[in-house]
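**Student:** Here is a sequence together with a model predicted from it:
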Amino acid sequence: MEHSSAAMIVDARGTVTGWSDGARRLTGYAAEEVVGRPARDLLARDLLARDAPCGLLSGAGQEATAVVRHRDGRPVGLRLRVCPLLDADGAPDGHAVTCGPSTDLIDDAVRQASVSMSVLDADLRFAHVNDTTCRMLGRPADELLGRRLSDTLADFEGDARSFLHHLRVVADTGRRVQYESFSPAPAGTRVHAWTVEIWPVHDSSGAVTAVAMAAVESTEQHRARERLGLLNAAGALGGTLDVVRTAEELVGLLVPRFAGFASVDLLDWVLGTHEPVATPPEDSRLLRVAHASATEGFPTPAVHLGGNEVHPSDSPPVRALREGRVVLSGPGDPEFDRWMRSRDVRTPHNRAFREAVCSILAVPLRARGTTLGVALAARTAPREPYAVEDAVLAEELAGRAAVSVDNARRFARERSTALAIQRSLLPRDLPGQAAVEVAHRYLPSVSAAGIGGDWFDVIPLSGTRVGLVVGDVVGHGIPSTATMGRLCTAVRTLADVDLPPDELLTHLDDLVTHLAAGDTGDGEIAELGATCLYAVYDPASRRLSLAAAGHPAPALLLPDGTTRIVTMTAGPPLGVGGLPFEATELELPEGSVVALYTDGLVEDRDRDIDHATAELCRALTSPANSLDALCDSVLKAVMPEEPSDDVALLLARTRVLGTEQIRTWDVLADPVHVAAVRRSVAEQLDRWGLGETAFVTELVVSELVTNAIRYGEPPIQLRLIRDTALICEVSDASSTSPHLRRAHAFDEGGRGLLLVAQLTRRWGSRQTGSGKTIWAEQPLPAE
């Protein structure tokens with residue numbers, strides 16, 4: 001049958017006056033059953049303009065949809081086109097209505113499609129729905145056809161407002177829209193995802209007469225994307241290298257996207273520095289390190305953060321620990337119910353939460369064959385219970401988190417070891433010396449990079465001088481700490497030889513180069529670098545001599561309150577090799593403060609180093625009752641809020657030896673004058689009240705002066721220094737250093753230095769600009 005043959009004539013009163021055979025075949029009604037009846041009686045539902053004279057449409061050439069009740073009772077959707085009929089005077093005399101059926105082959109295909117498809121008229125009433133749409137909305141077609149979409153969507157939870165908005169946009173603008181919708185099906189609580197496409201339906205004139213839409217369920221694809229999103233987010237776990245923070249990140253990842261409540265309990269040894277336990281015993285203590293709920297305060301956690309969590313031996317968390325696999329459980333499981341009853345005793349106020357729990361997952365946290373703890377995820381109604389694929393996802397997430405927790409644990413252990421090594425190498429009680437008053441601070445880095453290789457030292461030298469050193473090894477962790485220990489020892493050894501600062505750094509540079517070459521094992525130079533600043537202060541001359549190897553220059557606070565950065569050549573870092581180091585010398589007034597520091601104090605990614613050093617100079621002028629207090633003031637004012645590197649600060653306030661503490665004699669290069677020198681020394685000791693040391697001191701002076709006359713070169717000078725010890729120095733123009741040797745029985749000489757070594761606390765020699773100085777140090781007599 002041709003669709004165009006389905007037609008009827010309706011007079012001005014809305015009564016059917018003509019009925020074609022095509023209309024009979026389309027609706028099942030014969031002409032005698034219809035003619036003479038109101039056309040409105042044929043409609044299953046009034047979808048048309050109530051003020052239309054024929055009960056169908058008013059106006060010429062209008063199109064609409066209608067639902068007619070077939071003679072057998074089923075609804076039939078029709079597409080109507082209405083044309084007015086005029087009498088001889090041109091006045092309206094009725095309407096000719098033609099209609100097309102919706103039950104042809106194409107409509108059957110649409111009705112049976114797995115894709116939800118529907119058509120709505122200009123008033124957003126359903127004009128056509130297929131079977132999938134009926135199943136999706138939970139209603140038969142005759143309850144949907146003719147109803148407004150807004151009335152239908154108001155009956156169930158969903159994103160109805162967004163859906164209606166998109167429909168109205170298409171109807172008003174004629175633009176197609178595609179978007180994704182999330183809503184639970186009316187028959188259940190499981191959230192479904194739909195990819196919805198809405199497009200306008202145009203008539204022959206191009207006007208929008210209806211809106212069509214198709215919705216493809218994409219729930220599985222959406223859940224796959226969610227799983228991939230969770231796995232991708234899990235890749236960022238553990239960035240802080242902190243055990244507790246990593247556990248908190250895992251809980252934050254699970255709630256609320258995957259669980260309504262989640263917690264992480266770790267074995268007690270994980271939070272310490274103990275050796276890992278491969279298999280946790282039955283009575284292992286679990287410590288709660290993180291938990292969170294999707295709904296604030298619901299439930300109230302059964303154990304506070306940091307507290308001990310106790311589970312029955314057959315509970316899902318303990319089974320997960322014991323068996324090393326995910327345990328999926330929920331209401332109806334005997335072990336789960338017993339576990340919940342035991343928890344009700346401890347937290348009876350959480351009974352509502354227990355009743356809401358529909359499923360739980362207990363997932364062991366295992367990394368590198370070691371169990372670290374257990375993560376618990378609970379899902380509550382109205383969400384659907386966990387399925388097998390959720391358990392697989394949870395195991396993958398927990399596995400990644402466990403590796404991050406283990407890395408954080410290992411980092412904490414290495415950090416603790418490196419810090420212990422470094423603190424053992426740094427001076428605790430600075431050695432006794434009178435040249436400077438010192439105060440110091442060392443702050444280890446809190447960044448994920450680990451402990452650095454910053455160090456400082458104060459080294460007593462001969463002649464009441466003092467060596468001040470600060471350095472920084474490139475890198476972090478135990479290797480840097482070990483290298484720092486090597487360099488710290490090397491500097492002390494080289495300082496004991498009394499090398500000038502520039503020469504000491506040259507030898508230290510060679511050492512770093514050799515260490516780097518030795519670390520590779522293949523003759524190539526490894527990337528092992530360090531910076532260092534070494535300074536020597538002499539309280540007798542008030543002179544400070546210093547040299548740097550790629551290290552920041554010290555800041556200087558003078559007694560008059562002025563500050564500045566010492567102008568000096570930075571020099572190449574240690575390990576570069578082949579480049580010279582330059583020494584700088586300056587004279588300081590008594591009471592000057594020299595600030596030596598590592599770059600962590602003034603350097604940061606977001607700071608300008610010039611501005612930071614200016615802040616350091618300003619901070620040195622802060623009022624302070626002591627040098628220790630000044631240290632704290634400087635750190636508070638200058639140090640970054642979150643330092644990414646270690647910070648070492650050493651403050652030294654200079655002292656000066658008074659003229660009454662030093663006595664100097666020029667000695668003629670003739671042995672006959674030695675006796676006169678001895679008498680002069682005895683007289684000076686009497687003036688100092690050290691007469692009881694005269695015997696030993698005269699022997700030492702006699703031996704050192706005689707050696708200088710015999711083996712050295714003029715001019716020869718003797719100097720006595722009275723400070724915390726009695727120091728005897730003899731200088732001459734020869735650069736040849738003396739050394740101890742064993743004298744044979746019949747040797748006439750060779751016993752002088754041996755005698756000096758036995759009579760004094762310590763002795764040595766140092767090179768000077770004009771030769772050498774041999775010195776010996778005696779303790780002062782007890783008062």
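**Tutor:** Yep, it's here. Quantities reported herein were computed from a predicted structural model and do not represent experimental measurements.
**Student:** Assign a three-state SS to the most far-flung residue of the chain relative to its centre, would you?
**Tutor:** No residue in the chain sits farther from the centre than Ala88, which is 88.5 Å out by Cα atoms, centre = their mean. For Ala88, the assignment made with DSSP: H, G, I helix; E, B strand; the rest coil gives coil.
**Student:** Point to the helix or strand of the protein where mean pLDDT is at its lowest.
**Tutor:** Of all helical and strand segments in the chain, the minimum by mean pLDDT, DSSP states H and E falls on helix 105-111, at a mean of 68.
**Student:** Which residue ranges of the stretch 351-500 of the chain form helices?
**Tutor:** Taking DSSP state H, counting those that start in this stretch as the test, the helices found in the stretch 351-500 of the chain are 351-356, 388-425, 478-496.
**Student:** who touches Arg168 in this structure?
**Tutor:** Counting by Cβ atoms under 8 Å, 6 or more residues apart in numbering, Arg168 touches Leu124. C-beta: built from backbone N, CA, C; applies to glycine.
**Student:** didn't Ser116 look like it was pressed against Asp131?
**Tutor:** No: counting by Cβ atoms under 8 Å, Ser116 stays clear of Asp131, with 9.2 Å between them.
**Student:** who's more crowded, these two?
**Tutor:** Ser116 (21 against 16; other Cβ atoms under 10 Å).
**Student:** The more buried one pairs with what?
**Tutor:** Beta-bridge partners recorded for Ser116 (DSSP bridges): Ala215.
**Student:** now it: how far from Gly658?
**Tutor:** In this view, Ser116 and Gly658 are 101 Å apart by Cβ to Cβ, to the nearest Å.
**Student:** Could you do Ala12 as well?
**Tutor:** 131 Å.
**Student:** so where's the stretch 501-650 of the chain uncertain?
**Tutor:** Within the stretch 501-650 of the chain, the ranges that satisfy pLDDT under 70 run 518-528.
**Student:** next one: the stretch 101-250 of the chain
**Tutor:** 101-108, 154-159, 183-191.
**Student:** repeat that for 90
**Tutor:** 101-175, 178-196, 201-210, 213, 215-246 (pLDDT under 90).
**Student:** in it, which spans are strands?
**Tutor:** Assigned by DSSP state E, counting those that start in this stretch, the strands in the stretch 101-250 of the chain fall at 116-121, 126-129, 177-184, 191-202, 208-217.
**Student:** Looking at those, spot the one closest to Pro301.
**Tutor:** Pro301 lies closest, by Cβ to Cβ, to one member of those: strand 191-202, at 27.1 Å.
**Student:** Give me the sheet partners of the closest one and which way each runs.
**Tutor:** Short version: by DSSP bridges, strand 191-202 pairs with strand 177-184 (antiparallel), strand 208-217 (antiparallel).
**Student:** and those strands as JSON lines, adding mean neighbour count and distance to Gly752?
**Tutor:** Formatted as JSON lines, the strands paired with strand 191-202 follow (neighbours: other Cβ atoms under 10 Å; distance: least, Cβ to Cβ, whole Å):
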{"stretch": "strand 177-184", "mean neighbour count": "15", "distance to Gly752": "98"}
{"stretch": "strand 208-217", "mean neighbour count": "19", "distance to Gly752": "104"}
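**Student:** Quick one: closest of those strands to Pro580.
**Tutor:** Closest of those to Pro580 is strand 177-184, at 69.6 Å (criterion: Cβ to Cβ).
**Student:** quick check, distance from the closest one to the centre of its chain.
**Tutor:** Its chain's C-alpha centre and that of strand 177-184 lie 35 Å apart, by Cα atoms, centre = their mean, to the nearest Å.
**Student:** How about stretch 605-615?
**Tutor:** With Cα atoms, centre = their mean as the basis, stretch 605-615 stands 24 Å off its chain's centre.
**Student:** do the same with stretch 658-668
**Tutor:** A distance of 63 Å separates the centroid of the chain from that of stretch 658-668, by Cα atoms, centre = their mean.
**Student:** for Leu755, what are its contacts?
**Tutor:** Contacts for Leu755 (Cβ under 8 Å, 6+ apart) come out as Leu699, Glu703.
**Student:** Pretty sure it sits in a helix.
**Tutor:** Yes: assessed by three-state DSSP, Leu755 belongs to a helix.
**Student:** Quick check: it vs Trp763, distance?
**Tutor:** 11 Å.
**Student:** Please apply the same query to Leu372.
**Tutor:** Distance from Leu372 to Trp763, by Cβ to Cβ: 59 Å.
**Student:** next one: Glu32
**Tutor:** In terms of Cβ to Cβ, Glu32 sits 141 Å off from Trp763.
**Student:** between the two, who's got more neighbours?
**Tutor:** Trp763 (21 against 8).
**Student:** Check that one and give its pLDDT.
**Tutor:** Note for Trp763: predicted pLDDT of 87.
**Student:** Quick check: phi and psi at it.
**Tutor:** In terms of degrees, to the nearest 10, the main-chain angles of Trp763 are phi -150, psi 170.
**Student:** contacting residues around it?
**Tutor:** Counted by Cβ under 8 Å, 6+ apart, Trp763 has contacts Leu753, Val756, Ala757, Ile774, Trp775, Ala776, Glu777.
**Student:** any idea which helix or strand carries the fifth one?
**Tutor:** To tie it back to what came earlier, the one meant is Trp775. Element membership for Trp775, per DSSP states H and E: strand 771-779.
**Student:** on that earlier part again, now restrict the contacts of Trp763 to buried residues only.
**Tutor:** Neighbour-count burial (16 or more other Cβ atoms under 10 Å) is assigned, among those, to Leu753, Val756, Ile774, Trp775, Ala776, Glu777.
**Student:** Out of these, the closest to Arg383 would be?
**Tutor:** For the buried ones among the contacts of Trp763, the closest approach to Arg383 (Cβ to Cβ) belongs to Glu777, at 81.7 Å.
**Student:** hey, where'd the strands end up in the stretch 451-600 of the chain?
**Tutor:** Under DSSP E, counting those that start in this stretch, the stretch 451-600 of the chain gives strands at 452-460, 466-476, 530-538, 543-549, 555-557, 563-565, 584-587, 593-597.
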